[in-house]
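*Asks:* Build me a structure from this.
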Amino acid sequence: MTEPARVVCEIARVLKPGGRLLLIAPLEWEEHQQPHDYYRYTRYGLEHLLKQAGFAEIVIEPVGGFFRLLSRRLFNALQFFPGPLMIVAAIFFVPPALFLPLLDRMDRRRNFTLGYICVARKDQ
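*Replies:* Sure thing, here's the model as predicted:
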């Protein structure tokens, strides 16, 4: 959808008063649904959209931090190695990719994240 504010407003319109919204938004990812990949949503952009649509009690949590993101990228890198080369690449990429999420607690700000999980309530 090329008009995310309209989508969020429509969700608010059809949701009963006091109803809860669960929204999951990716952030750090390659282009997908090409050529219709138009937007990336920060926690600030998501909060803005939800407030504009009349949602309250907005809670936005990042899905992991820098090290979880880096781990995901290492797993994604395997796709670039064809056939037997993937086995060699996996030897180098998979062990650190499995270990890196354990370091995520060091990233307190979570500015680098895979996305956000948002929960909000429609005003009465």
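
*Asks:* what about this protein, any weak spots by pLDDT?
*Replies:* 1 (pLDDT under 70).

*Asks:* And it, what are its domain boundaries?
*Replies:* Per automatic domain parsing, the structural domains of the chain span 1-63+114-124, 66-106.

*Asks:* Distance from the longest one to the middle of the chain?
*Replies:* To tie it back to what came earlier, the one meant is domain 1-63+114-124. Taking Cα atoms, centre = their mean, to the nearest Å, one finds domain 1-63+114-124 lying 11 Å from the centre of the chain it belongs to.

*Asks:* Make 35 the first number, not 1, from now on.
*Replies:* All right, first residue 35 from here; so that's domain 35-97+148-158.

*Asks:* what's the longest helix in this structure?
*Replies:* helix 118-133 (DSSP state H).

*Asks:* Number of residues surrounding the closest residue to Ala123 other than its chain neighbours?
*Replies:* Distances taken as Cβ to Cβ, 6 or more residues apart in numbering put Phe115 closest to Ala123, at 4.1 Å, once the chain neighbours are dropped. For the C-beta atoms, the positions are set from N, CA and C on the backbone; glycine is no exception. Counted with other Cβ atoms under 10 Å, residues neighbouring Phe115 total 15.

*Asks:* quick one, strands of this protein?
*Replies:* 54-60, 89-96, 149-156 (DSSP state E).
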